[in-house]
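Participant: Build the 3D model from these lines:
(one chain, ligands or ions: 1)
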Amino acid sequence: MALFERDYDIYRERDALREDYQPDELVGRDEELRTYKAALQPVINGEQPNNVFLYGKTGVGKTAATRYLLGHLREDAAKYDDISLSIQFLNCDGLTSSYQVATHLVNEFRSEHDQISTTGYPLATVYDMLWEELDDYGGTVLIVLDEIDNIEDDSILYQLPRARANGKLDDTQVGIIGISNDFSFRDDLSPKVKSSLCENEIHFPAYDAEDLKAILRQRADVAFYEDVLEPGVIPLCAAYGAKDAGDARQSIDLLMKAGDIARDAESETITEDHVEEGRTALERGRIEEGIRGLTEHGHLVLYSLVTNEIEGETPIRSRDIRPRYTRFARLAERDPLVPRRMRDHLSELTMLGIVSVTERNEGRRGGTYREYELDLPVEQVLSALSETVQLVGVHESVVDMADVDLAASS
Ligand SMILES: Nc1ncnc2c1ncn2[C@@H]1O[C@H](COP(=O)(O)OP(=O)(O)OP(=O)(O)O)[C@@H](O)[C@H]1O
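Facilitator: Numbering: from 1, shown residues only. Have a look, this model is predicted:
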């Protein structure tokens, strides 16, 4: 018998639940799409394109709407002989300066054999190269800067929209589409940049449970065979999505996780229990990711708290965690932080939902103090801390915990 056999029972097309799937229609975004379409209309008329700025929380369809409309725009523009349209999509994640964005754009426009180094040129030289590449295109060039808030200086956001007015371009008209989920980014822009970049602003609000239900139904119709979903599954995924952040991505991920769990269990249908199980698994994954993302001292403080928890010493005051934290820091060959900085780490752990805190009163004399305890299963935290445990050594309280895979690396 083959080791791998294809599953046919639940999924018709699982890829329809993946992040990179582009649905044929966007549901529940009619108003935003109407405004967005109107902002892009000058392109078809052969006029100077507008700059557009889209903002809204994560997973509310900003990128999906952009890909959807620009896909149609490209197709429709091709029907007009007098329109030449080029679209450049740049995700600014990891690009923190105008310089980096400009060199990346130059390289996007150039052939593979003609790339420039991303360091070493004066900024003005890179801009000159950019104007040259852009002007070689002629017609209209739309540049999409997704996650635009990563760019820490606004030089390029000033230069690009004004390039033609400033005589840098003769043959090409440039339009910028900026996308951001950081609400303060727009407010912090200088007025001169704001007035051009945010010519047309479109806010994408969070989805409510009804919107999410419609989005999930659309995906489910493609992804699953008929009658696979029990009636409560989509409403439950949508309700969790609306409660969390109105984020379509999270709801779709939850539906996929429930589907995978049902498939692994060889179940013929997906049930609400699969959704609950999926939610727990995703939540656990997010928390472990959160723990791994902490600094070294965050890990050391947490490891100190966990060992106290196993020994039944929690809730515990920060001054009582301190001796062990100091010892662990020394074992890890790090200088221990001062008490106040150590407490900052406890506060961060509290904010992340890893630790809970209780305020207590010191009796009649007044004065309050805080006590900390772990808010997650010890095993889960320890397996996310495996690197720290290896660095510091396995504390005696942990030795007998056979369930924890301390050899797991991050
Ligand atoms: N109205 C919608 N109809 C169908 N699918 C949608 C809709 N809105 C969002 N989605 C889907 O949800 C996922 C997240 O959407 P998208 O990437 O557009 O979010 P975003 O607002 O750009 O988020 P981020 O700021 O994190 O990039 C994608 O898989 C997208 O296809």
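
Participant: Which is the succeeding secondary structure element to the lowest-mean-pLDDT helix or strand in the chain?
Facilitator: Of all regular secondary-structure elements in the chain, judged by mean pLDDT, DSSP states H and E, the least confident is helix 183-188 with a mean of 85. If you walk from helix 183-188 toward the C-terminus, the next helix or strand you reach (DSSP states H and E) is helix 191-197.

Participant: Can you give me the buried ones in that following helix?
Facilitator: Using 16 or more other C-beta atoms under 10 Å as the burial criterion, the residues of helix 191-197 that qualify are 193-194, 196-197. From N, CA and C alone the C-beta is placed, and that goes for glycine too.

Participant: Does the longest helix seen in the chain pack against any helices or strands, and if so which?
Facilitator: Ranked by residue count and defined by DSSP state H, the top helix of the chain is helix 272-292. If you count contacts as 3 or more C-beta pairs under 8 Å, 6 or more residues apart in numbering; DSSP states H and E, helix 272-292 packs onto helix 233-244, helix 248-264, helix 378-384.

Participant: which one is residue 185 nearest to, not counting chain neighbours?
Facilitator: With C-beta to C-beta, 6 or more residues apart in numbering as the criterion, residue 185 has its nearest non-adjacent residue at 3.9 Å, and that residue is residue 149.

Participant: one step back: for the buried residues of helix 191-197, work out which two are farthest apart.
Facilitator: Distances among those were taken as C-beta to C-beta; the most separated pair is 194 and 196, at 7.7 Å.

Participant: Could you report the pLDDT at the most centrally placed residue in the chain?
Facilitator: By C-alpha atoms, centre = their mean, the mean C-alpha position of the chain lies nearest to residue 58, the distance being 6.6 Å. What the model reports as pLDDT for residue 58 is 90.

Participant: can you give me phi and psi for residue 175?
Facilitator: Note on residue 175: its backbone torsions stand at phi -120, psi 140 [degrees, to the nearest 10].

Participant: residues touching it, list them.
Facilitator: 43, 48-52, 140-143 (C-beta atoms under 8 Å, 6 or more residues apart in numbering).

Participant: Any idea what it is bridged to?
Facilitator: The residues paired with residue 175 through beta bridges, assigned by DSSP bridges, are residue 142.

Participant: hmm, who's touching stretch 73-85?
Facilitator: Contact with stretch 73-85 is made by 40, 43-44, 46, 87, 137-142, as judged by C-beta under 8 Å, 6+ apart.

Participant: Just those: which are in helices?
Facilitator: When DSSP H is applied, the contacts of stretch 73-85 are split such that 40, 43-44, 137 fall in helices.

Participant: before we move on, the earlier item: can you tell me what sits against the least confident helix or strand of the chain?
Facilitator: Residues lying outside helix 183-188 but in contact with it, judged by C-beta under 8 Å, 6+ apart, are 53, 55, 148-149, 180, 194, 198, 201.

Participant: same question, stretch 244-262
Facilitator: Under the criterion C-beta under 8 Å, 6+ apart, residues 10-11, 14, 17-19, 57-61, 205-208, 211-212, 215-216, 219-220, 223-224, 233-234, 237-238, 240-241, 269-271, 274-275, 277-279, 281-282 lie in contact with stretch 244-262.

Participant: Pull out the buried members of these.
Facilitator: When the contacts of stretch 244-262 are checked for burial by 16+ other C-beta under 10 Å, the buried set is 10-11, 14, 17, 57, 59-61, 206-207, 211-212, 215-216, 219-220, 223-224, 233-234, 237-238, 240-241, 270-271, 274-275, 277-279, 282.

Participant: Tell me the pLDDT of the residue in the stretch 251-400 of the chain positioned nearest to the ligand.
Facilitator: Closest residue of the stretch 251-400 of the chain to the ligand, C-beta to the nearest ligand atom: residue 252 (5.8 Å). Residue 252 carries a pLDDT value of 96.

Participant: same deal with residue 242?
Facilitator: pLDDT, read off for residue 242, is 93.

Participant: Grab the nearest non-local neighbour of it.
Facilitator: Per C-beta to C-beta, 6+ apart, closest to residue 242 is residue 209, 4.0 Å.

Participant: Do I have it right that the one you found meets residue 240?
Facilitator: No. The pair residue 209 and residue 240 does not pass the contact test of C-beta atoms under 8 Å, sitting 9.1 Å apart.

Participant: for the stretch 151-300 of the chain, what are the low-confidence residue spans?
Facilitator: Confidence mapping of the stretch 151-300 of the chain against pLDDT under 70 gives zero matching residues.

Participant: So which bits of it are right by the ligand?
Facilitator: Counting by C-beta under 6 Å from any ligand atom, the positions of the stretch 151-300 of the chain adjacent to the ligand are 181, 215, 218, 248-249, 252.

Participant: and those residues, which two are the farthest apart?
Facilitator: Pairwise distances across these (C-beta to C-beta) peak at 22.6 Å, for the pair 181 and 218.
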